[in-house]
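S.K.: here is a sequence together with a model predicted from it:
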Amino acid sequence: MTVAEKIPPPEPAEKDAGREEWIHAVDTLIEEVTAWSHLQGWRTVARETQIVDETTQQEYTTLVLDIITEADYSGLCREVKLVVEPIFFDAARRSSRVDFSVWPTLYDVILLYETSRHDWTMRGDPRFRWPSSWNQESFQVIAEGLLEMGR
């Protein structure tokens, strides 16, 4: 018997509760990142996207945030886009993921939502200097690091 077979699937109410908590966490994340981006003088565009719940296979709507920055590359200014994009939520595994990436290079930092702590954990490139917790300072460090790596 596999581990997956030993763990019973969550009840429908548990699935919805976990998903609703995650959607709320993503909405809060998008609001925070929007405010912090504006403090940097960057423009933001929020757009809807469809996500499929890995457990129930139901689609639901959440937001993706595009952050438009200006980066200096050898004396040439050009727009560079940072993207905060929800990737998945899996109620059965209590796991979820949001990618914070830079376009067009696609370097990214993975934000994992920990339901037990109601907080985000950051994962990604080992060359990156990792902040200890998710806050305005860590957003700035990650954004600057992504922009640098995207050069």
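M.R.: Good, I have the coordinates.
S.K.: how about low-confidence regions in the chain?
M.R.: Within the chain, the stretches with pLDDT under 70 are 1-17, 52-55, 71-77, 125-132, 150-151.
S.K.: so which strand or helix has the spatially most central residue of it?
M.R.: Note on the chain: the residue nearest the mean C-alpha position is residue 98, at 2.6 Å, using C-alpha atoms, centre = their mean. Using DSSP states H and E, residue 98 sits within strand 95-103.
S.K.: the strands in this structure, which residues?
M.R.: All strands of the chain, identified by DSSP state E, fall at 43-52, 59-73, 76-90, 95-103, 108-114, 119-124.
S.K.: before we move on, the earlier item: was I right about the residue nearest to the centre of the chain contacting residue 85?
M.R.: Yes. Using C-beta atoms under 8 Å, residue 98 makes contact with residue 85 at a distance of 6.6 Å. Bear in mind the C-beta positions are built from the backbone N, C-alpha and C, glycine included.
S.K.: please report the distance of the residue nearest to the centre of the chain from residue 78.
M.R.: As for residue 98, its distance to residue 78 is 26 Å (criterion: C-beta to C-beta, to the nearest Å).
S.K.: got it, and residue 90?
M.R.: 37 Å.
S.K.: higher neighbour count, those two?
M.R.: Legend: neighbour count by other C-beta atoms under 10 Å for residue 90 and residue 78, higher for residue 90 (17 against 9).
S.K.: quickly list what the more buried one is bridged to.
M.R.: residue 95 (DSSP bridges).
S.K.: for the longest helix seen in the chain, buried residues please.
M.R.: Counting by DSSP state H, the longest helix found in the chain is helix 12-39. Buried residues in helix 12-39, defined by neighbour count with 16 or more other C-beta atoms under 10 Å: 15, 18-19, 21-23, 25-26, 29-30, 33-34, 36-37.
S.K.: rebuild those as a markdown table, extending it with distance to residue 111.
M.R.: A markdown table is the format used below for the buried residues of helix 12-39 (distance: C-beta to C-beta, whole Å):
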| residue | distance to residue 111 |
| --- | --- |
| 15 | 22 |
| 18 | 17 |
| 19 | 17 |
| 21 | 15 |
| 22 | 12 |
| 23 | 15 |
| 25 | 10 |
| 26 | 10 |
| 29 | 7 |
| 30 | 11 |
| 33 | 10 |
| 34 | 15 |
| 36 | 14 |
| 37 | 15 |
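S.K.: all good on my end, thank you.
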